[in-house]
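S.K.: Whatever this is, show me its structure:
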Amino acid sequence: MATRASRLLMVSLLLVLYCFTRLHNLRALPFFVDEGYHTRSAELVLDGDLVGPGIPYLGRVWYDAFLGPKPPVADWTARAGTVMVGMLGVSALYALARGFVSHRAGVIVILLWITTPYLLFYERMALSDPLMAPLCVVAAWVAWRMVKTGSWRWAIALSGMLGLIILVKASGIAWLPLPAAALIAAPRLSSRKRLRLGAISYGVFAAYWIPFLLLLKVRGFDYRYYLGKFPTHVGGLDADIVERIKHNIQIAWNVDITYLGPVVIGAAILGGLYWLVRSRHPALFTLLVLGIAAGGPIVFGLNLNSRYLLSHVPWVLLALACGAGLEVERSRRIGAPFLFAAILWVGSFFVPFMADAWNDPADLRLNENDQGEYIRNESAGFGTREIGDYLRSAEPLPVLGLVASCQPLRLAAYPVEVECPQIRWDGTSREENLILAEQRAAQGPIYVVGEDLPYIDLEGLPQPHTVIRSVERPGGRLSVILYRIEQGARRPAQ
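M.R.: Okay, here's the model as predicted:
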């Protein structure tokens, strides 16, 4: 009993440490454009629009609405909600490692999860992918419980988890093979039992998911998103698939090298192979799940981003932890070198990354694409936060946000109200946004927050106007500019 209590205490303390690393100074990184969209959609849900604003992220939007998306705490609560679900994923991965190998392997996998920069970065954001990744771990734990117990109740629970994953993000449809993967790797199950459990999992899923899709269609929702038809991000089984897979494998490898490091990747490969030799069934299950997690984005992703690959990270860590746990149990003398290597890796790789995430997110060592998305480009919240802070103490005037990250600006400026018109990335909204600025100026002086982008025409702003403040984004390529436009100002002649 004492041993069990001490193990429970250790796991609880590690979960507290996990929460601390994620929650400390949670607002350090300004709100990303998609976080702002989710939060605004959650507000619309509370206003009665349950389906319309979600696009393929209904689960994320409904979850944010449950947490409470109202400013000034909307950004913090939405991000803290990601951490809460992350704890479920950490706990489920510990349970898998403990069941597959030992408590020691479970502790190792928790420590790996806590100290992986890849997970730390995204779990401090209110996006769909870091919400989906831990839910996928929980689903895999349920799947393994199903095949270990042979119980139809776990099969029904697994069908519910599959629906929840797809609800959080449409790309979760790639996890539909999970019941089949568990049944393939299942130890000591008869063929009849496998067929029965598989039929229950997929039958129950179809029984509620198909009516749900039909309900979305009746409500006017574009249900095709839930079938994977997202044309700007998802490719089909076409002639380009071989080249797309080759290209995406290279991207995935570069992402893992950046955020996991060659030492962790190499150790995971060796640990996984050793584990496969020592304990075939659970290692095979983990390998199949890793294939599901990475295979969907690699095969179908047109614009592969590191966050789309996030769900595969726990399975890399699980392979490393179980291999290391088995090796330490075989030879206790190997424990000291393992511990020294872990301390060296955490001190040289994770701690500097965590310090930047907490205090100086603009200095984070991200890959080139993520540097653009989250720090330098218009999709990042840098610049809008400073303008929002200024607006709270400036002369009270109506504010029109002609910036890509207008929703983060709106949250930063609260209680000042910011109007966020629709901005289309193809530039077709340029003229209507300028007309809107002129209409608002006809009623009195206004502020316009803008940035010089191809789809936002600052040269066409109504005149006379004055630049009140300009904030340069990290990297110096873009600036967010606050204008004051006087009453009766007119757009310059074309």
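
S.K.: From now on I want contacts and neighbour counts done on CA atoms only, so please keep to that.
M.R.: OK.

S.K.: Would you mind splitting this protein into its domains for me?
M.R.: Taking automatic domain parsing as the reference, the chain has its domains at 2-363, 377-490.

S.K.: Throw these into TSV and include mean pLDDT and distance to Gln371, thanks.
M.R.: Below are the domains of the chain laid out as TSV (pLDDT from 0 to 100; distance: least, C-alpha to C-alpha, whole Å):
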stretch	mean pLDDT	distance to Gln371
domain 2-363	90	9
domain 377-490	92	8
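
S.K.: Turn the ones you listed into JSON lines, including mean neighbour count.
M.R.: Shown next, in JSON lines, are these (neighbours: other C-alpha atoms under 10 Å):
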{"stretch": "domain 2-363", "mean neighbour count": "19"}
{"stretch": "domain 377-490", "mean neighbour count": "19"}
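
S.K.: Let's have these in a markdown table, adding distance to Asp370.
M.R.: Below are the domains of the chain laid out as a markdown table (distance: least, C-alpha to C-alpha, whole Å):
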| stretch | distance to Asp370 |
| --- | --- |
| domain 2-363 | 8 |
| domain 377-490 | 10 |
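
S.K.: show me what contacts Tyr94?
M.R.: Ala105, Gly106, Val107, Val109, Ile110 (C-alpha atoms under 8 Å, 6 or more residues apart in numbering).

S.K.: go again using 10 Å as the cut-off
M.R.: 11, 88, 100, 102-111, 113, 141, 318, 321 (C-alpha atoms under 10 Å, 6 or more residues apart in numbering).

S.K.: Likewise for Gly172?
M.R.: 129, 132-133, 136, 162-166, 226, 228, 293, 296, 311.

S.K.: where exactly do the strands run in the stretch 251-400 of the chain?
M.R.: Taking DSSP state E, counting those that start in this stretch, the strands of the stretch 251-400 of the chain run over residues 399-402.

S.K.: Would you map the helices across it?
M.R.: 262-278, 280-300, 313-330, 335-345, 351-359, 368-371, 384-393 (DSSP state H, counting those that start in this stretch).

S.K.: and those helices as JSON lines, adding distance to Ala74?
M.R.: As requested, the helices of the stretch 251-400 of the chain are exported to JSON lines (distance: least, C-alpha to C-alpha, whole Å):
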{"stretch": "helix 262-278", "distance to Ala74": "36"}
{"stretch": "helix 280-300", "distance to Ala74": "30"}
{"stretch": "helix 313-330", "distance to Ala74": "28"}
{"stretch": "helix 335-345", "distance to Ala74": "35"}
{"stretch": "helix 351-359", "distance to Ala74": "19"}
{"stretch": "helix 368-371", "distance to Ala74": "24"}
{"stretch": "helix 384-393", "distance to Ala74": "14"}
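
S.K.: Restricted to helices, list the contacts of Tyr94.
M.R.: 11, 88, 100, 103-111, 113, 141, 318, 321 (DSSP state H).

S.K.: and of these, the nearest to Val73?
M.R.: Leu88 (23.3 Å; C-alpha to C-alpha).

S.K.: right, and the closest one touches Val138 too?
M.R.: Yes: in this structure, Leu88 is within contact of Val138 by C-alpha atoms under 10 Å, at 7.0 Å.

S.K.: Whichever strand in the chain runs longest pairs with which strands, and in what direction?
M.R.: The single longest strand within the chain, with elements called by DSSP state E, is strand 479-490. The pairing partners recorded for strand 479-490 under DSSP bridges are strand 446-451 (antiparallel), strand 463-472 (antiparallel).

S.K.: Now render the ones you listed as TSV, adding distance to Arg40.
M.R.: TSV is the format used below for the strands paired with strand 479-490 (distance: least, C-alpha to C-alpha, whole Å):
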stretch	distance to Arg40
strand 446-451	19
strand 463-472	24
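
S.K.: So which of those is nearest Ala336?
M.R.: Using C-alpha to C-alpha, the nearest of the strands paired with strand 479-490 to Ala336 is strand 463-472, at 48.5 Å.

S.K.: gap between Ala155 and Ala294?
M.R.: 24 Å (C-alpha to C-alpha, to the nearest Å).

S.K.: next one: Asp129
M.R.: Relative to Ala294, and taking C-alpha to C-alpha, Asp129 is found at 13 Å.

S.K.: Need the residues touching each of those two.
M.R.: Shared contacts of Asp129 and Ala294, counting by C-alpha under 10 Å, 6+ apart, come down to Tyr308, Leu309, Leu310, Ser311.

S.K.: Distance check, Ile446 against Glu459.
M.R.: 17 Å.

S.K.: Likewise for Gly48?
M.R.: 39 Å.

S.K.: Which stretches in the stretch 101-250 of the chain count as helices?
M.R.: 103-114, 117-122, 129-149, 152-168, 178-185, 191-218, 241-259.

S.K.: Nearest to Arg22, out of the helices of the stretch 251-400 of the chain?
M.R.: Using C-alpha to C-alpha, the helices of the stretch 251-400 of the chain put helix 351-359 closest to Arg22, at 8.9 Å.

S.K.: Restrict the closest one to CA atoms and write it as CSV.
M.R.: Extracted C-alpha coordinates of helix 351-359, given in CSV (Å, rounded to 0.1, in the frame of the first residue of the first chain):
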residue,chain,number,x,y,z
VAL,A,351,15.3,24.8,-20.2
PRO,A,352,16.4,27.6,-22.6
PHE,A,353,13.4,27.0,-24.8
MET,A,354,11.1,27.1,-21.7
ALA,A,355,12.7,30.3,-20.5
ASP,A,356,12.0,32.0,-23.9
ALA,A,357,8.4,30.7,-24.0
TRP,A,358,7.8,32.2,-20.5
ASN,A,359,9.6,35.5,-20.9
